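Novice: dropping a prediction and its sequence here:
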Amino acid sequence: MSLISAREFVDVVKVTREDDRIFTACVSIEHPDYGAKSSKGIRGTCYPNGLFCYRVQGNANATRLIQYIHSDLGGMLPQSLIDSATPSVMASNYKQLKAFLKKETL
């Protein structure tokens, strides 16, 4: 393994879509096809997470986003490393989400 090992998560995800909103919820699960120990690195855990996107009334070019994240990356990572990486990871995720929402016309 390298200095910082890869992470993997085994999650169940539920996506609900209505005309003007999308809600995504996920949580880690144990599954018989995936052992307790990861073959690709370190198994992380997602506690209940939620992402809620909905149109802003009166502004067709705006979407309001509410997100709750509670994850454990597993292993032994210095908090300073997590703190320094989190903003760029979240910015990348929001950029991908913005492209998806444009494509989905929300």
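Specialist: All right, it came through fine. These figures come from a predicted structure and were not determined experimentally.
Novice: make it CA atoms for all contacts and neighbour counts henceforth
Specialist: OK.
Novice: flag the shaky bits of this protein, pLDDT-wise.
Specialist: The chain contains residues with pLDDT under 70 at 1-3, 38, 106.
Novice: would you map the strands across it?
Specialist: 7-8, 11-18, 21-28, 42-43, 45-46, 49-56, 59-68, 71-72 (DSSP state E).
Novice: what about the closest residue to E8 other than its chain neighbours, how many residues nearby?
Specialist: Nearest residue to E8 in three dimensions, chain neighbours excluded: R43, at 5.1 Å (C-alpha to C-alpha, 6 or more residues apart in numbering). Residues lying near R43 (other C-alpha atoms under 10 Å) number 19.
Novice: same check on S5?
Specialist: Neighbour tally, S5, other C-alpha under 10 Å: 13.
Novice: list the contacts for it?
Specialist: G41, I42 (C-alpha atoms under 8 Å, 6 or more residues apart in numbering).
Novice: distance of A91 relative to A99?
Specialist: Using C-alpha to C-alpha, to the nearest Å, A91 is found at 13 Å from A99.
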